[in-house]
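Chemist: Please find the sequence and the predicted model below.
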Amino acid sequence: MKNNGAELVAKNAVDELIKYLEEVGKQISSKAQELAKHSGRKKITQNDMKIAMDLI
């Protein structure tokens with residue numbers, strides 16, 4: 001956030017961002033797992049993650 005011009009960032013603001021990113025990460029991982037399973041694989045590939053990120 002500081003790289004985007006914020007001089008001071010409250011801890012609760014950072015905590016809120018972390019919660020949001022964790023939730024989005026869970027959604028992406030879940031979708032990537034679905035894609036891998038649909039393709040008959042157990043391993044999630046980089047391509048699965050990229051597609052999942054586009055879909056979320």
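Modeler: Now that the structure is in, tell me what you want to look at. Because the structure is predicted, anything quoted here is derived from the model rather than measured.

Chemist: Tell me who's in contact with Lys43.
Modeler: With contacts defined as C-beta atoms under 8 Å, 6 or more residues apart in numbering, Lys43 is in contact with Ala36. Bear in mind the C-beta positions are built from the backbone N, C-alpha and C, glycine included.

Chemist: which SSE is it in?
Modeler: Of the helices and strands defined by DSSP states H and E, none includes Lys43.

Chemist: now the one 5 residues further on
Modeler: Under DSSP H and E, the secondary-structure element containing Asp48 is helix 46-55.

Chemist: Would you mind listing the outside residues contacting that helix?
Modeler: 28-29, 31-33, 35-36, 39.

Chemist: Farthest pair within these?
Modeler: Taking C-beta to C-beta, the two most distant members of the contacts of helix 46-55 are Ile28 and Ser39; they sit 16.6 Å apart.

Chemist: who has more neighbours, the two?
Modeler: Ranked by neighbour count (other C-beta atoms under 10 Å), Ile28 and Ser39 place Ile28 first, with 19 against 11.

Chemist: residues of stretch 43-51 that come out buried?
Modeler: Neighbour counts over stretch 43-51 (16 or more other C-beta atoms under 10 Å) mark 44, 48-49 as buried.

Chemist: for these, which one is nearest Val9?
Modeler: Met49 (28.1 Å).

Chemist: What pLDDT does the model give the closest one?
Modeler: As summarised for this prediction, Met49 has a pLDDT of 98.

Chemist: before we move on, what about the one 4 residues further on?
Modeler: At Met53 the predicted local confidence, pLDDT, stands at 98.

Chemist: From Glu7, how far off is it?
Modeler: 31 Å (C-beta to C-beta, to the nearest Å).

Chemist: Secondary structure element holding the residue most central in space within the chain?
Modeler: In the chain, the centroid-proximal residue (C-alpha atoms, centre = their mean) is Gly25; its distance is 2.7 Å. Element membership for Gly25 (DSSP H and E) is helix 11-38.

Chemist: and the angle from that helix to helix 46-55?
Modeler: 120 degrees (axes from the mean of the first three to the mean of the last three C-alpha atoms, to 10 degrees).
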